[in-house]
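[1] give me coordinates for this.
(one chain, ligands or ions: 1)
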Amino acid sequence: MNEPLLKCEHVDFGYENYDVVRDVTMEIVCGDYLCIVGANGSGKSTLMKGLLGLLKPTGGTITFSEELKRAGIGYLPQQTPAQRDFPATVREVVLSGCLGRLGLRPFYSQREWTLAKTNMEKLGILALKDACYRELSGGQKQRVLIARALCATDSLLVLDEPITGLDPETTQDFYHVIRHLNRAEGVAVLMVTHDIHNVISQAKKVLHLNQTVLYYGPAEAYRDTACGREFLGGEE
Ligand code: ADP
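    The predicted structure is shown next:
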């Protein structure tokens, strides 16, 4: 019944003629909250690109549910300075998440406007709809990008180092928003992060990567494993 949204079986990903990530077996089901952790250079971004379908596996099989094949994945990329300065209104940025739904239609219809409005309401940014995106605070920008990602799909939200550059208060607010979307709205979350201490209390599952999978399982059991203790201890 709970068909995985995404499933990897012994998957390898790499570049040119070498593999960076090897033998990954994992899945994301509806309502999951999985965090991928690991040191710099351990292959997290490479795995993420693979899961987004941007890199072809060099081995193993990766399967996407029909829903993800149809709607795609709601992706929140790391923000570059150019994206932070994007000269558009909040509503335009959120609506751009609907682009994949347009098909051959040249303009947004009522359906896309309504979806954008619903997602702005969900993220508490409807009052900012006519504001210029680049004038917003870091936390508000994150909310706009999440609303945008949810316009593509509310099945799976993929976040790459989402708290980079956020202050501690905004970070907590961000986790609160994601937790609410996950627990109350049933949005599955896949997050690559360095922020292991917060992750442990938020996520349902952890995948610790170092070229290959060192741990994949429940978040609460992670701290009792050798790699969990070492990683958590090393960050303190
Ligand atoms: P992480 O996200 O954990 O820091 P990455 O997936 O970015 O790790 O990098 C893992 C390894 O893959 C590194 O050795 C890096 O040099 C290599 N790598 C990353 N991107 C590319 C690329 N586009 N082409 C070739 N090698 C790459």
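
[2] can you list the neighbours in contact with stretch 208-223?
    With C-beta atoms under 8 Å, 6 or more residues apart in numbering as the test, stretch 208-223 has contacts from 20-26, 35-39, 42-44, 47, 199-200, 202-207, 225, 227-229, 231-232. Backbone N, C-alpha and C define where each C-beta goes, glycine included.

[3] next SSE after the helix or strand of the chain with the lowest mean pLDDT?
    Least confident helix or strand of the chain, by mean pLDDT, DSSP states H and E, is helix 81-84 with a mean of 64. Downstream of helix 81-84, the first helix or strand assigned by DSSP states H and E is helix 90-95.

[4] the ligand contacts on this protein?
    Proximity of the chain to the ligand (C-beta under 6 Å from any ligand atom) is limited to residues 15, 20, 38, 40, 41, 42, 43, 44, 45, 46.

[5] so how do I select the buried members of these in PyMOL?
    Here is the PyMOL command that picks out the buried ones among the residues of the chain next to the ligand, judged by 16 or more other C-beta atoms under 10 Å:
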select buried, resi 20+38+42+43+44+45+46
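
[6] for the protein, give me the ranges with low pLDDT.
    Counting by pLDDT under 70, the ranges of the chain that qualify are 1, 79-84, 234-236.

[7] how about the strands of this protein, start to end?
    6-15, 18-28, 33-37, 59-64, 74-76, 156-160, 188-192, 205-210, 212-218 (DSSP state E).

[8] which of the residues in the second one are buried?
    When you say that, I think you mean strand 18-28. For strand 18-28, using 16+ other C-beta under 10 Å, the buried residues are 19, 20, 21, 22, 24, 26, 27, 28.

[9] same question for the last one.
    Of all the residues in strand 212-218, those buried under the rule 16+ other C-beta under 10 Å are 213, 214, 215, 216.

[10] the residue nearest in space to the middle of the chain and the ligand: what is the separation?
    In the chain, the residue lying closest to the centroid (C-alpha atoms, centre = their mean) is residue 158, at 1.7 Å. With distances taken as C-beta to the nearest ligand atom, to the nearest Å, residue 158 is found 14 Å from the ligand.

[11] swap in residue 174?
    Distance from residue 174 to the ligand, by C-beta to the nearest ligand atom: 20 Å.

[12] if we can go back for a sec, surely the residue nearest to the centre of the chain touches residue 187?
    No. With contact defined as C-beta atoms under 8 Å, residue 158 does not reach residue 187; the gap is 10.9 Å.

[13] quick one, what contacts the nearest residue to residue 164 once chain neighbours are set aside?
    In space, and not counting its chain neighbours, residue 164 is closest to residue 78: 6.4 Å by C-beta to C-beta, 6 or more residues apart in numbering. By C-beta under 8 Å, 6+ apart, the contact list for residue 78 reads 160, 161, 164.

[14] residue 202 now?
    33, 35, 175, 178, 179, 219.

[15] how close does the closest residue to residue 68 other than its chain neighbours get to the ligand?
    Sequence neighbours aside, residue 5 is the residue nearest to residue 68 in space, at 5.5 Å (criterion: C-beta to C-beta, 6+ apart). Noted for residue 5: a distance of 22 Å to the ligand, by C-beta to the nearest ligand atom.
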